[in-house]
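**Student:** 3D model of this:
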Amino acid sequence: MKEFLSRRLPFLFFLFLLSGLVSFLINAVWGLWQSYPVLYLIPVGFLGLSLIGHAIHHLGVRRSIFFLLVSGVIALVAEHLAIVYQPFGAYEFHLKSVWSIGSLPISVLLAWCFFIYIGYSVSNAGLTIWGKRKPHRSGSSVWTLMILVLTDAWLITSMDLMIDPVQKFEKNWTWLDGGAFFGVPPGNFLGWMAVVGTASLSFRLLEYFRPTEPSDDEKHAWIPVLIYLMIALFYLYAAHKYFGWPLAVIGIVTMLPLPIYILGKRISR
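**Tutor:** Numbering: from 1, shown residues only. Just a heads-up that it's a prediction; the model follows:
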């Protein structure tokens, strides 16, 4: 299975890259995403396959399933608690979805799982570049583990600084009372830190107490980093389009430095 995926992961990523670029250009010129959602569902499908393949390749089947289940359950519980108790303000989803769990569209739940895995993988790519193993109880401090969890959470929360205002502007969901950060309550981002951090900590604790054998296989470590950068650039484009440079500059400063550094070090090796 590992060898099978190893040969096909770059091809899946190339399909995601190609279909995503074509889809973006078509929408930029003709604005067809709303009328023909298949235009963006195709690259999203290749994105999902690339990430699932990467997870299985690096974690194995059982740990990949565990990662996705833990991430999904934590995100599901957090979203429902936020909808019912409104700690950051009231909001509603307007996404067109065939399937949902309560008021939460399945597409949002899948996005949570994939984003959490991307953050986790980008941090791991940094460890690989610096020649470090994932934290484990026989050779790492708990502080190293916590720093890594905070990095995972920061990577994805910084992306949501762009995602939430853009999706609100496109009316995919609504913050009913608005908010100080481009129409979004700032507390929402603390919620993102908490959800991603909790999911990351849950899985990294498993790896900490039950580590697998260290691997020198780093040839696919760049894939999640490039995926992160592509998603970041897309939302930077949308943030600038809808809100101008003030929001775009925030995204440039928060999202780009770490993955660009990791990718630069990988290329220079």
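**Student:** host element of residue 192?
**Tutor:** Taking DSSP states H and E as the criterion, residue 192 maps to helix 187-209.
**Student:** what's the answer for residue 139, then?
**Tutor:** Counting by DSSP H and E, residue 139 is part of no helix or strand.
**Student:** all helices of the stretch 51-200 of the chain, in order?
**Tutor:** 61-85, 106-129, 142-169, 187-209 (DSSP state H, counting those that start in this stretch).
**Student:** who does the helix or strand following the last one touch, helix- and strand-wise?
**Tutor:** On the C-terminal side of helix 187-209, the nearest following helix or strand under DSSP H and E is helix 222-243. In this structure, helix 222-243 makes packing contacts with helix 2-30, helix 38-59, helix 106-129, helix 142-169, helix 245-255, helix 257-268, judged by 3 or more C-beta pairs under 8 Å, 6 or more residues apart in numbering; DSSP states H and E. Every C-beta, even on glycine, is put in place using the N, C-alpha and C of the backbone.
**Student:** Packing partners of the third one?
**Tutor:** Which is helix 106-129. Helix 106-129 packs on helix 38-59, helix 61-85, helix 142-169, helix 187-209, helix 222-243, helix 257-268, going by 3+ C-beta pairs under 8 Å, 6+ apart.
**Student:** just so I know, which of those lies nearest residue 24?
**Tutor:** Smallest distance to residue 24 across these (C-beta to C-beta): 7.0 Å, for helix 222-243.
**Student:** For the closest one, buried residues please.
**Tutor:** Buried residues in helix 222-243, counted by 16 or more other C-beta atoms under 10 Å: 222-232, 235-240, 243.
**Student:** what's the distance between the one residue sitting closest to the centre of the chain and residue 90?
**Tutor:** Most central in the chain under C-alpha atoms, centre = their mean is residue 115, positioned 1.9 Å from the mean C-alpha point. Distance of residue 115 to residue 90, given as C-beta to C-beta, to the nearest Å: 23 Å.
**Student:** just residue 71 next, same as before
**Tutor:** Distance from residue 71 to residue 90, by C-beta to C-beta: 25 Å.
**Student:** now residue 13
**Tutor:** For residue 13, the distance to residue 90 - C-beta to C-beta - is 39 Å.
**Student:** Which one of those two is surrounded by more residues?
**Tutor:** In this view residue 13 and residue 90 are compared by other C-beta atoms under 10 Å, and residue 13 has more residues nearby, 24 against 12.
**Student:** how many neighbours does residue 94 have?
**Tutor:** So residue 94, with other C-beta under 10 Å, has 12 neighbours.
**Student:** need the contact list for it.
**Tutor:** 171-174 (C-beta atoms under 8 Å, 6 or more residues apart in numbering).
**Student:** again with residue 91
**Tutor:** 82-83, 173-176.
**Student:** Buried subset of those, written for PyMOL?
**Tutor:** Buried subset of the contacts of residue 91, written as a PyMOL selection, criterion 16+ other C-beta under 10 Å:
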select buried, resi 82+175
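**Student:** Any chance of the contacts of residue 91 in JSON lines with pLDDT as columns?
**Tutor:** Output for those, formatted as JSON lines (pLDDT from 0 to 100):
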{"residue": "82", "pLDDT": "94"}
{"residue": "83", "pLDDT": "90"}
{"residue": "173", "pLDDT": "93"}
{"residue": "174", "pLDDT": "93"}
{"residue": "175", "pLDDT": "95"}
{"residue": "176", "pLDDT": "92"}
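**Student:** Sketch out the low-pLDDT regions of this structure for me.
**Tutor:** The chain contains residues with pLDDT under 70 at 1-6, 98, 214-219.
**Student:** how is it carved up into domains?
**Tutor:** Domain ranges of the chain: 1-59, 61-268, per automatic domain parsing.
**Student:** tell me which of the contacts of residue 94 is nearest to residue 157?
**Tutor:** residue 173 (17.1 Å).
**Student:** give me every residue that touches the closest one.
**Tutor:** By C-beta under 8 Å, 6+ apart, the neighbours of residue 173 are 91-95, 167.
**Student:** mind listing which of those residues are in strands?
**Tutor:** 91-93 (DSSP state E).
**Student:** Kindly indicate which of those residues lies nearest residue 29.
**Tutor:** residue 93 (28.7 Å).
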